[in-house]
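Peer 1: Next comes the sequence, and after it the predicted model I'd like to discuss.
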Amino acid sequence: AYFGKEDRVSDVFDQEVSALIPGIFEGINATVFAYGATGSGKTYTMQGSEDLPGLIPLSVATILARCTGTWCSVEISYYEVYMERCYDLLEPKAKEIMALDDKFGNLQLKGLAWVPVRSMEEFQEVYSIGVQRRKAAHTGLNDVSSRSHAVLSIRVSNDTVKGKLNLIDLAGNEDNRRACNEGIRLQESSKINSSLFALSNVISALKKNESRVPYRESRLTRILQDSLGGNSRAVMIACLNPVVYQEAVHTLSMAARSGHMVTNMASASKEHTPKVKVDMEAKLQLWLESRGKTKSTQRMNGLLSPTGWRTPSSMSHMKQPLSARVSGRAKAMDQDGAKIKKVLFDSAVHTTAENTTRPSSRDEVKTTKKEVPPSLTPCKEDKSESPLRKALSPIPSNMMTPCNVNCPPSLELKTPIGACHIVEKNPDGTPLDKFNALGSNLKESLIQQYLEFLNVANKEELQQLKVWSLYFIII
Ligand SMILES: Nc1ncnc2c1ncn2[C@@H]1O[C@H](COP(=O)(O)OP(=O)(O)OP(=O)(O)O)[C@@H](O)[C@H]1O
């Protein structure tokens, strides 16, 4: 499903997350994780705020409401994976939490505290302390950037069954060149990026039903071993900030690869598989094709402007009616949340490093719209950047390299006009002849777009390029 800026987090909860909760009471573990670039709204979605509760408080409220009048007990644990180490956020200890297999081969987090919660008040008290302990810092791309992956687990037990819901706010992948990270921030960022890469490898392996899934490549994937794959259900929430085009494409590509992933379910659990499955990859492909683009050509040509990432009207029917309403306290929270209209994915909500106050209404949003988002503001340190760092940084795309601070970046992609005439001009020439026949602007634009494609393409797509890559790289 697609949720735009007009939707609320409670809509995401109603349509995508609430359906997982009955399964928890039957022993089927589930995981909801927010994935996306830094500053794309993962914490906003998972944690929320007092006025606009995120998926975590909404889930806890629904689970507690469901337990009322039963013998079920609810416990929570909250921990973070920081620099490849796992730390308890509810009961901090000197030692890190170890991920070990028990004698039945089930993963156990040794030393992790599980705190019983009986009401939302108890939950808020415990959880808010944990949130304050989570490592966050100011970066060039987000004023309060999470430096760790945080996992809130809710365990429901009765006499016979134990089920677990993991709600994960991943740290965001970062382009270190634009984030201006140095020292410890750079180290954190490299660990974040490598663990997200490991997560994408695990997802790829699960999707292809490979016999070996590389869970042990990172601490993050290791602790999620019992939640990704097997009998568990997982929902990935891909958070997009359309202003940061390249990252948005990367996130969408990961989402498309993860879509409609069915792993080996034990037969007893099969009946719980959601009846309506949406093949998001096929939907994305169809949508792109309906606009004359495939995923690959879209990347190559860079045709979509950031403002083009809107709900395609053809996809609006995919949204389900709000059938599963949360009851009791959960419903009250939902209504509270509805009072304030949220601005999802709006570039204008981003604050500059100097101005940390977010606009509180649509009018204010409008007045701030012309500000250059921090993600596109050139780093002060850029000039003094070491050659090594420059060489290691991702190649900037034509739309992401603003000329200078006073010059607002153009958000329109430079689609080469007349690219379709290339072949007609010189139908019999070699590819080099055809290329040389182009104007210098067009050549530059093509090369730039090609480099951008190389930057974001996955392994399979890169393999398909073969000789063409070499040809362009040599040029
Ligand atoms: N949908 C939204 N509506 C309004 N504001 C939003 C929305 N999404 C994000 N924001 C705001 O944008 C800023 C960045 O969001 P957030 O901290 O959630 O990003 P993040 O993806 O968790 O970043 P990081 O990975 O760096 O921690 C915050 O000030 C947040 O309140």
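Peer 2: All right, it came through fine.
Peer 1: what helices or strands is the strand or helix carrying I168 leaning on?
Peer 2: In the assignment (DSSP states H and E), I168 maps to strand 162-169. Here strand 162-169 touches helix 21-24, strand 30-36, helix 42-46, helix 55-67, strand 149-157, going by 3 or more Cβ pairs under 8 Å, 6 or more residues apart in numbering; DSSP states H and E. Bear in mind the C-beta positions are built from the backbone N, C-alpha and C, glycine included.
Peer 1: Of all those, which one is nearest the ligand?
Peer 2: helix 42-46 (3.4 Å; Cβ to the nearest ligand atom).
Peer 1: Can you give me the buried ones in that closest one?
Peer 2: K42, T43, Y44, T45, M46 (16 or more other Cβ atoms under 10 Å).
Peer 1: isn't the first one right up against G36?
Peer 2: Yes - K42 is within contact range of G36, at 5.5 Å (criterion: Cβ atoms under 8 Å).
Peer 1: which neighbours do the two share?
Peer 2: The contact sets of K42 and G36 overlap at L170, G172, C239 (Cβ atoms under 8 Å, 6 or more residues apart in numbering).
Peer 1: what's near enough to touch the second one?
Peer 2: By Cβ under 8 Å, 6+ apart, the residues touching G172 are G36, A37, T38, G39, S40, K42, N142, S145, S146, I192.
Peer 1: Quick check: bridge partners of the first one?
Peer 2: Okay, so that is G36. C239 (DSSP bridges).
Peer 1: Check what pLDDT it gets.
Peer 2: G36 is assigned 91 on the pLDDT scale.
Peer 1: what's the neighbour count on it?
Peer 2: 26 (other Cβ atoms under 10 Å).
Peer 1: try the second one
Peer 2: Applying other Cβ under 10 Å, we find 23 residues neighbouring A37.
Peer 1: Just give the closest residue to it, not the sequence neighbours.
Peer 2: Setting aside the residues directly before and after it, A37 is nearest to E247 in space (Cβ to Cβ, 6 or more residues apart in numbering), at 3.5 Å.
Peer 1: Listing partners with orientation, what would you give for the strand holding I168?
Peer 2: Its sheet considered, strand 162-169 pairs with strand 30-36 (parallel), strand 149-157 (antiparallel) by DSSP bridges.
Peer 1: Turn those into CSV, including distance to D88.
Peer 2: What follows is the strands paired with strand 162-169, written out as CSV (distance: least, Cβ to Cβ, whole Å):
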stretch, distance to D88
strand 30-36, 19
strand 149-157, 11
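Peer 1: In CSV: those, plus distance to the ligand.
Peer 2: Below are the strands paired with strand 162-169 laid out as CSV (distance: least, Cβ to the nearest ligand atom, whole Å):
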stretch, distance to the ligand
strand 30-36, 5
strand 149-157, 10
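Peer 1: and F3, which of the ones you listed is closest to it?
Peer 2: strand 30-36 (12.2 Å; Cβ to Cβ).
Peer 1: So T70 is in contact with N158, correct?
Peer 2: Yes - counting by Cβ under 8 Å, T70 does reach N158; the two are 7.1 Å apart.
Peer 1: Who has more neighbours out of the two?
Peer 2: A count of neighbours by other Cβ under 10 Å puts N158 above the other of T70 and N158, at 14 against 10.
Peer 1: distance of that one from the ligand?
Peer 2: 34 Å (Cβ to the nearest ligand atom, to the nearest Å).
Peer 1: Give me the nearest residue to that residue, chain neighbours excluded.
Peer 2: That would be C72: by Cβ to Cβ, 6+ apart, it lies 4.9 Å from N158.
Peer 1: my read: that neighbour touches I24, true?
Peer 2: No - assessed by Cβ under 8 Å, C72 is found out of contact with I24, at 9.9 Å.
Peer 1: ok, those two, which is more surrounded?
Peer 2: Set side by side, C72 and I24 show more neighbours around I24, with 23 against 18, by other Cβ under 10 Å.
Peer 1: give me every residue that touches the more buried one.
Peer 2: I24 neighbours (Cβ under 8 Å, 6+ apart): A30, I63, I154, V156, G163, K164, L165.
Peer 1: need those residues in CSV with neighbour count and pLDDT, can you?
Peer 2: Formatted as CSV, those follow (neighbours: other Cβ atoms under 10 Å; pLDDT from 0 to 100):
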residue, neighbour count, pLDDT
A30, 23, 93
I63, 23, 97
I154, 25, 96
V156, 23, 95
G163, 22, 91
K164, 20, 92
L165, 28, 95
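Peer 1: In CSV, list the residues you listed along with distance to P57.
Peer 2: Putting the contacts of I24 into CSV (distance: Cβ to Cβ, whole Å) gives the following:
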residue, distance to P57
A30, 17
I63, 11
I154, 11
V156, 16
G163, 19
K164, 18
L165, 13
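Peer 1: Let me know the closest of those residues to M98.
Peer 2: K164 (18.3 Å).
Peer 1: Please report how far that closest one lies from S59.
Peer 2: K164 is 12 Å from S59, where distance means Cβ to Cβ, to the nearest Å.
Peer 1: One more: Y44?
Peer 2: Counting by Cβ to Cβ, the gap from Y44 to S59 is 16 Å.
Peer 1: again, but for K459
Peer 2: For K459, the distance to S59 - Cβ to Cβ - is 35 Å.
Peer 1: Show me which of the two is the more surrounded one.
Peer 2: The neighbour count for K459 versus S59, taken as other Cβ under 10 Å, is higher for S59 (26 against 8).
Peer 1: right, and the more buried one touches A19 too?
Peer 2: No - counting by Cβ under 8 Å, S59 does not reach A19; the two are 11.6 Å apart.
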